[in-house]
Structure formats: C-alpha cells, structure tokens
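A.B. asks: Any chance you could fold what I've pasted below:
(chains A and B)
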Amino acid sequence: MNHLKQLESEAIYVIREVAAQAERPVLLFSGGKDSICMAHLARKAFHPGKIPFPLMHIDTGHNFQETLDYRDEYLKEIGANLIVRTVQASIDAGRVVEETGIGASRNALQTTTLLDAINEFKFDAALGGARRDEEKARAKERFFSFRNSFGQWDPKNQRPELWNIFNGQKKKGEHFRVFPISNWTELDVWQYIELENIPMPSLYFSHKRNVFERDEVIYFASDIMERHPHEEVAEKVVRFRTIGDMTCTGAVESRADTVRDIIWEVAATRTTERGTRADDKRTEAAMEDRKKQGYF
Amino acid sequence: MNTKIENTSNYDVEEYLNKELLRFTTAGSVDDGKSTLIGRLLFDSKAIFQDQMDALEESSKLRGEEGVNLALLTDGLRSEREQGITIDVAYRYFATPKRKFIIADTPGHEQYTRNMVTGASTADLAIILIDARLGVLTQSKRHGFIASLLGIPHVLVCVNKMDLVDFDKGVYDKIVKDFTAFATKLDIPDMIFVPISALDGDNVVDRSERTPWYTGPTVMHHLENVVISSDHNLIDFRFPVQYVVRPHLNFRGFSGRIPSGTIAVGEEIVALPSRKTSKIKEIVSFDGNQQEAVAGESVVLTLEDEIDISRGEMIVRKNNLPRVENKFEATLCWMDDQRPLDSGTPYIVQHTSRNVQGYIRELRYLIDVNTLHRNKEADTLKLNEIGRVVIETAMPLFLDPYKNNRETGSFILIDPANNLTVAAGMVRYASSRTESNRDDLMFTGASMNIIKENVTVTRAEREARNGHKGHVIWLTGHVRSGKSTIARGVAQTLFEQGKQVFNLDGDVARHGICGDLGFSERDRRESVRRIAHMARLASDAGQVVICSLISPRKEMRDFARALMPDGAFTEVHVNCSIDECRKRDKDGLYAKADKGEIPNFTGVSAAYEPPVNPDLVVDTEQQSPKESVAAVVDAVKDKL
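C.D. replies: Next up is the predicted model:
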C-alpha cells in the first residue's frame, strides 16, 4: 500500500470508529477542500450504505457564493443530509456582538454558533477536517479530542492516544472533536483529490478577481470588507489555498488551473497555507487560544 | 511570481503516489538536541516553509538567541515555549521522493515515560539520541527499554554533538560498545548507530567530511531505506468487526481495518466468540469489490451465511485462531497522575473494537525502567511506572501475544469514574499457560518471537533455495501406536527426495529440552508448547519438521497449528487400538501404568482426545509401516 492508501484507510477507520462509539455524530462541512475530502471519505467508509450522520455548515454569512453553490450541489449529489446554522442568527439573538471597523471578522464568532448548534442537536462527536501540519498547536491534537461540557479544549490534560485505540467514553454534555485526516499534509490532500478525482470549488483554481492587499495578504475586494483609503483595488489572477470566511481568507497569485498544477505549485511553494490566513497572525499563539475556547 | 509553475521541478505525480509511509518516534533528554535534529531533518528536506522560518527567526531574536533556534520549530504549545521544554507528543510530517514520514516527537524526561510509550506505540522505528560528551546515560537505556517494550522493530541510535568532542572516533566507539552491551538484554531486532552533529548537520542528510572513519549511512539515508515491508504480520488473519453496514435488509456487511494477515473471497472463516463458520462472499469497497484484502486495508466483508456478528466480535480463519481468554498476563504502563492502579476498580478494558469490564487480579512485579530490576514487593503502579499484571475480564477477549501482533496484543484501561485512559497494556501470554513459575522465560522473549521475520535471511528466501516449503507434520496417537516408526520413515523418504528434514520426538525431547518436566497435566502441556515452538523455528528455517508425540489434548494440537502459517501444518492421527498398543509394548510401560508407577499415562489414567478432523488418519493395525509412511508422504506432497 502506498502512503495515500494508508492515510485513506486510517481516516476511514477513524470515521467508522466515530459512527460506532458516538450516539449523535456530525460532520462539520465548510465547503473547503479538507471537508470535501472528509465527506468523500465518509461516503467510502459506509459504502454501499449512506453516511449515517448529518453534515453541518456554520455559515458566517460572509462566505463566497461559489462555496455555497458548490456545497448545495455536491451534497445533493452524494445524498447527504445538511444542517446550516448561521452566525447572523447568533448576532440577531444577542449571543455574540459583531466586530466593527477595519479588520472586523466574524471568524471568532463562529465558535459560539458552533457550540450552540452542538448543544441544540445534542451532538456528541463532531468530525472535522483539521490537520496537524497546519499549525503548531494542532501538531499535538488527538484524533479523538475531548471537549468538556463548555466545549473547551485543555491541551495539558489530553487523553493519551495509543496504537489505534480511541477512547470515546464521555459523560452527558461532553463531546469529542474528531480529526480523521490528522496525519495528512496539504500536499497529501491535493494528491488524494487527484487520485480520487474529487470535484473542487472553482475558487481553488486560477481566476481573475478584484483584490486589494493588507499586511502582505491579498483579499477579495468584496462589499463586506471595509478598506483604508490607500488600499487600492486591482484585478489580479489569483486562486485561494484555503476557503473560509471572506474576511480572513487570503488569495495567492497563481495560474494553476488544474489539480495537477496545484500539486506542482504546493510542492514548490515556500509558504504554509495558513500563511494566507489572517486569523493566525494576530498573536504567535493565536490558534492555541482559539482552540482552547472551542474553535474548529 | 505571477507565472504558472510548469512541471519543471522534477515533481512527478506518479512517483508521489508510490511513496512508502514510515512512522518514527524520537526520544531524547533535555538538551541532547532532539528538537534540533528534527528541525534539521525538516529544514534540510525543505519541509519548513519560508513563513515558518521567518517566524522562527523572530522568536529566536526575541529570546535573545543568536541565529535560528531550530528547536523552536517543534516546541508547539505556549506553555512549552514558556518552560522551554516539550511536554506532549507532537506530530511532524515531511516527505522525500522515496517516503512520507510521520514523526512522533516525544519528550525524554523520566516523568514523561507516558508520552514516550504513546509515541512508540505506532512507530516503525525509534531514534534514540545520546550526547557524545555524556555517553550512555540512564535515560538512554530507558529509551532503549521502551522501544523494546513497545515492539519497535528498528532502532537508530544517533550519537549527537560529535562536534563538541572533535569527531573523536574513540568516543563514538565507546558509546556504541556500551549501548550494544546494554541492548543484549532487550529485544531489538535491528539497531544501527550514526555519529552526528544535529546543529551543524553532519551525517544527518549529507555525509560529513569530518567523520572520514564512519562508513555507514546518514540518518536520512537510513530513514529512506530501512526495510519495513517485512515488519507486518501477514500470517495471522484477524478482523475485529468495527461497525456493521446494513443499508437494507439484503445487505449485511462487516466493516473494519485488517490488523494482520490476508483474506480472499471463498475462504472459510469462523466468528468469535460464537464459533459459527461461513465463507467470505464478497470484499466490498467503494472502488469496486476485491478478490482479496491485506493487512492495513479498510474493507467491508460479507459472508455466505447469515451469521449475527456485532462490533467487538472477531472474524478469523478457521485454522488460525487467537486465544479466547478472560484471564491473561500483560505488561502495563500506568498513565494516570491522579489515581494509581487499584485492584478494586472495575476498569474498562478496550481491546480492538471490544470493550469489557476487567479487574487487575495480581501485580506480579514492577519493572524499574532505568535498571530493568524487578520489584516483586510493589503493591501498586503509579504514573509512568511499568509492571507485569494478571487481568481478569467479565467477557473473553480474542488475544494474541503483543510480540506477534501489535494490534490484537494491545489494549488500554479506562477508569469508569472519570473516563480517562489510565494505562496502556501489552498482552504477554494467556494465563492458562502461564500458571507455571517459568514466566521469566516468556518475558525475556523466549516465548513467541518467531512470527515476525526479523532475520536477514527470510523463510521465503530459504524456501526458494531449498526448492520446497517449510512444513510441520504432527503425528499424534497412543503410546506404541507407531508414531516414531512412521516419523523416521517419512523423514528418510523425504530426505531421499532432496528435502530438508528434521525430527522432533516427544520421548527424545524428554532427555533434553523437556528434561526438567514431569508428567503432570501442566508439564505435559509445557512439553507440547516447547516442541511446537521448536517446530515453528525449524520450519521457519525451511525444514520439513516431523513431530511425533502423544499430544493427547485437542487444545495442545490446536495450539501447535495456530502457531504455524496457514497451510504449513499437517495433523496426522496415528490410530491404533489400546489393545494392539499393549501387545506391542515390549518395555512394559502400560503394565507400569496399570500399577500406578507412571502417573497420568494416556490411555490408562489419562484420556486421549482423538482428532475430530485431522488432515490424515493412518491405521497402523490395518496398514503396514511402509504403507503408512507412503500415505503421509502423499498427504504433504502438494504442500511442500
């Protein structure tokens, strides 16, 4: 078996373990490549049956339209059951207060919406597409990551994970975040997409777009983001390496328009994909702080 | 920048698809340069990105350090950065054109034995760092012990900081000698040493000009080339059922990942614990059904017959069963810092996909991880302590010794009060066979270290040279039924055909390897166990082994069969009535048994369980010795 087949087999094993051990699992689906791979793996895990749990999208309201179109089409095709919860509803209900001004983002607000949804549906395991290679704090994340009844992560008090044995025991109100593709890298994901011929949202491929630059990150010049007067909008040929909320997802200049081109580009590239994420740049330990609070 | 990157980087997509995966763990102590070595491997293999490098330079500057501190790259969590030490297992990834690597980076302090055990549990290889200035310290030995305990097949010892001892060959040689001497007490099948400077990069990726006396591989070369394909157990098919896929009434599939062995459509299987049998109907996968599946694959199996099998049960081959036990011995590493081992707690034992309740019935001894000394007076295990225990479970488990099978020989204990994972366990042997006081032999590896082919010349290679397969012919029957006579005849015939042959006779063994054993039920079982293991070793060495021993119990013969690879065992019942046996008995053994002078004599004062379904029955009352020999030779001719 080559390493991609081994990683696939490991991910399927973990997904099945969730279906077997949890009572009410859910797969968190953002429309990004990692969660699309997750949905694909879940399909494989239960073939010829259907995925025996719903998918859930936490919509910040600042998503790219392409992402939403792709989401609806892909999930219809695979016959999955989708739940959508919006940050806007959390704002309207007074659960969170919207950031304002330049640099405002709803990214951090998602955490509340997510935890509320987990409580609402009494989910006890939320599958996510996070990978350990993305960021330093994630390098120590478990496959089965325990969350207390406040949805929080305690990095100093994690259950040791040995062999392929996953301790999914929990009390009422506690839940797990489970990361089946923990051991994959960005390159592995793209290679797998190529190998499995999985359709991807158009945002990942090279296209013309009006953008502006801030702190060395290229952003889409949408109506949602307020700009300084000196931040000039220009049309550039770009693609996105990650897809998330428009306010924190940066583009790269690229002419890669096929999966193979992207693989070559990723193999040759010199910055991490989270390097295009503004949310990690706030402090050196930014990701760790957000994860402790219950972020994805 | 805004140009399409053409495929000029020699980046071959097909090549990438054919990479092997190697998981390794690194163990080192504070300041022996472990993080620096990992940083160096990542940096030199270009797995570090520019933005990570920039962030690193900035952090190093803030801490007032000169140059880039590669160690900062791997010290992930904020609390660790504050303390300047690594406190948890962190996973790192890099790839070269040959392999993808997963590093489980673990801290080396004594109090973090827990983390080292965790990182080691999935590793194919362990890197142990030794500071050249300090030589082999207690902690180096501890790392070696844990690598051995967790069954890591390959160990790479890096003698680091060679730059600080002027690349002195004498210093290096002494460390190699000292550590090798220590490692003879352990069970490490493959070990090599490399003199390095992680800081400067000597012998890490590129060969150093400063060690002209060193001719072995660099660290990276060894990581890329060490042979791992033969580490997996491809013999014993085990399939713990993980989840039952049942989309509609006409489909019932059993999903799981195969931990060991192979399986093909049409093969006979037995489900445990029900012992119901069936055949494999289909091996289902999303990409189309398969004819066969091997260890490591996640598949769905369907069966010819409708058998009710649930999660936690196991599908195995009919002639190769694990032990089904509710009492067994294990080595435990205690992982909980709050509560020590408690004999009154009904722990949850999680083994493969099976969860059962279990009590720790006995703590035999605690092992000092630094000296390997056994403390039999210990009454509990605390965090980071390792000990040998006897566990009894409410329901049976389907076990293999850890040495044979890292997946079906491992388990965790969960405290039911707080759901924490409190211990990691490795099955050493099932208890029904360890009641004797000889468990020391088993611990030091004298028991089952034979399934894995850790030798340089493999069974397959020997078989190829011999022109026939290794095999075990097992002759069972009453005293004087004619077993030994037939065994000699079969050996002679096969030898004349150019086969490598080897006789193991129960009576002969009593003068040597079983000379310390008597005739109690337990000693008889031990005697069979030893002969079965010798047969396995000799057949692994390519021999056709002809065993002749009463082996009166079905359980004993099943044990022998289970020890051999599928198809490499032929059970022959040498059948002869007791009356005829008595007539042939010129030495008067039966007469002595009648008088009670020989206790537990089969057929007189102990029962013989005839084989239910042997591969062959020879009737020595009806057939001449010559005919019996011919029948046996004929029965194995297609199997050799």
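A.B. asks: how near is whichever residue of the stretch 401-550 of chain B sits closest to chain A to B:Met116?
C.D. replies: Using C-beta to the nearest C-beta, the point where the stretch 401-550 of chain B gets nearest to chain A is B:Asn419, with a distance of 3.9 Å. C-beta coordinates here come from the backbone N, C-alpha and C atoms, glycine included. According to C-beta to C-beta, to the nearest Å, B:Asn419 stands 23 Å off from B:Met116.
A.B. asks: Between those two, tell me which one has more neighbours.
C.D. replies: Neighbour count, other C-beta atoms under 10 Å in any protein chain shown: between B:Asn419 and B:Met116, B:Met116 has more, with 30 against 17.
A.B. asks: Go ahead and confirm that one touches B:Ala123.
C.D. replies: No. Look at B:Met116 against B:Ala123 with C-beta atoms under 8 Å: they stay out of range, at 10.3 Å.
A.B. asks: okay, and the common contacts of the two?
C.D. replies: Shared contacts of B:Met116 and B:Ala123, defined by C-beta atoms under 8 Å, 6 or more residues apart in numbering or on different chains, are found at B:Thr25.
A.B. asks: and residue 186, how many residues sit next to it?
C.D. replies: Using chain A here. By other C-beta under 10 Å, 23 other residues sit near A:Glu186.
A.B. asks: My question was about chain B, not that one.
C.D. replies: Counted with other C-beta under 10 Å, the neighbours of B:Leu186 add up to 18.
A.B. asks: Could you find the closest non-adjacent residue to it?
C.D. replies: Closest residue to B:Leu186 apart from its sequence neighbours, by C-beta to C-beta, 6 or more residues apart in numbering or on different chains: B:Ser148 at 3.8 Å.
A.B. asks: Go ahead and confirm the one you found touches B:Pro189.
C.D. replies: No. Contact criterion C-beta under 8 Å: B:Ser148 and B:Pro189 do not qualify, at 9.6 Å.
A.B. asks: Go ahead and confirm the residue of the stretch 401-550 of chain B closest to chain A touches A:Lys171.
C.D. replies: Yes. Counting by C-beta under 8 Å, A:Lys171 is a contact partner of B:Asn419 at 6.9 Å.
A.B. asks: So for the residue nearest to B:Leu186, what's the pLDDT?
C.D. replies: On pLDDT, B:Ser148 comes in at 93.
A.B. asks: Assumed it was part of a strand.
C.D. replies: No. Read with DSSP: H, G, I helix; E, B strand; the rest coil, B:Ser148 is helix and lies in no strand.
A.B. asks: which residues does B:Lys161 contact?
C.D. replies: Counting by C-beta under 8 Å, 6+ apart, B:Lys161 has contacts B:32-33, B:131-133, B:197-199.
A.B. asks: let's see 6 Å
C.D. replies: Applying C-beta atoms under 6 Å, 6 or more residues apart in numbering or on different chains, one finds that B:Lys161 lies in contact with B:131-132.
A.B. asks: Next one: it from B:Asp379, what distance?
C.D. replies: Counting by C-beta to C-beta, the gap from B:Lys161 to B:Asp379 is 42 Å.
A.B. asks: Phi and psi next, for B:Arg522.
C.D. replies: phi -70, psi -40 (degrees, to the nearest 10).
A.B. asks: number of nearby residues for it?
C.D. replies: Counted with other C-beta under 10 Å, residues neighbouring B:Arg522 total 13.
A.B. asks: Contacts only, for it.
C.D. replies: Counting by C-beta under 6 Å, 6+ apart, B:Arg522 makes contact with nothing.
A.B. asks: quick one: which helix or strand includes the nearest residue to A:Ile102 once chain neighbours are set aside?
C.D. replies: Setting aside the residues directly before and after it, A:Ile102 is nearest to A:Glu226 in space (C-beta to C-beta, 6+ apart), at 5.0 Å. Under DSSP states H and E, no helix or strand contains A:Glu226.
A.B. asks: Hmm, A:Gly103 and A:Glu226 touching each other?
C.D. replies: No. Applying C-beta atoms under 6 Å, one finds A:Glu226 not in contact with A:Gly103, separated by 8.3 Å.
A.B. asks: Tell me which residues touch the residue nearest to B:Leu186, please.
C.D. replies: The contact partners of B:Ser148, by C-beta under 6 Å, 6+ apart, come to B:186-188.
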